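Engineer: any chance you can model this:
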Amino acid sequence: VQLQASGGGLVQSGGSLRLSCAASGFTLDYYTIGWFRQAPGKEREWVSCIISSNRRTYYADSVKGRFTCSTDSAKKTVYLQMNSLQPEDTAVYYCNLYVGLQPGGYWGQGTLVTVSS
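Structural biologist: Next up, the predicted model:
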């Protein structure tokens, strides 16, 4: 099982980025993928998740209406479209393979998102 997160970078406040989580070693449609982030000096927090089988998505209140999670089964990739980014969104973003409806032990390596004011 591998998860490869990418797409981070430096963006100005109000800008957008799209993160990708490339999955291998398992059938993406059978699982839920979550996105988490960890800001400097803070604990890792849950951001979003998508149930790949029915495309149902869930979001933390802090990102609801700004972030959108989606799946491309053919590309075996989960995306996190992030709009209206704010400095408080600055963090390392990770994708995670859920076990059932809970975060599991497989994490992508993380991709850094920096939002300047």
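
Engineer: what's the neighbour count on the residue nearest to residue 21 when sequence neighbours are not counted?
Structural biologist: Nearest residue to residue 21, sequence neighbours excluded (CB to CB, 6 or more residues apart in numbering): residue 95, at 3.5 Å. From N, CA and C alone the C-beta is placed, and that goes for glycine too. By the criterion of other CB atoms under 10 Å, residue 95 has 31 neighbours.

Engineer: ramachandran coordinates for residue 95?
Structural biologist: phi -110, psi 150 (degrees, to the nearest 10).

Engineer: quick check, pLDDT for it.
Structural biologist: Residue 95 carries a pLDDT score of 97 in this model.

Engineer: can you list contacts of the worst-scoring helix or strand of the chain on mean pLDDT?
Structural biologist: One helix or strand of the chain scores below all others by mean pLDDT, DSSP states H and E: strand 102-107, with a mean of 91. Applying CB atoms under 8 Å, 6 or more residues apart in numbering, the contact partners of strand 102-107 are 1, 2, 3, 34, 36, 46, 94, 95, 96, 97, 98, 99.

Engineer: which residue is the nearest non-sequential neighbour of the second one?
Structural biologist: Think residue 2. residue 24 (4.7 Å).

Engineer: what distance do you get for the residue nearest to residue 21 to residue 12?
Structural biologist: 24 Å (CB to CB, to the nearest Å).

Engineer: could you measure from the residue nearest to residue 21 over to residue 14?
Structural biologist: Relative to residue 14, and taking CB to CB, residue 95 is found at 24 Å.
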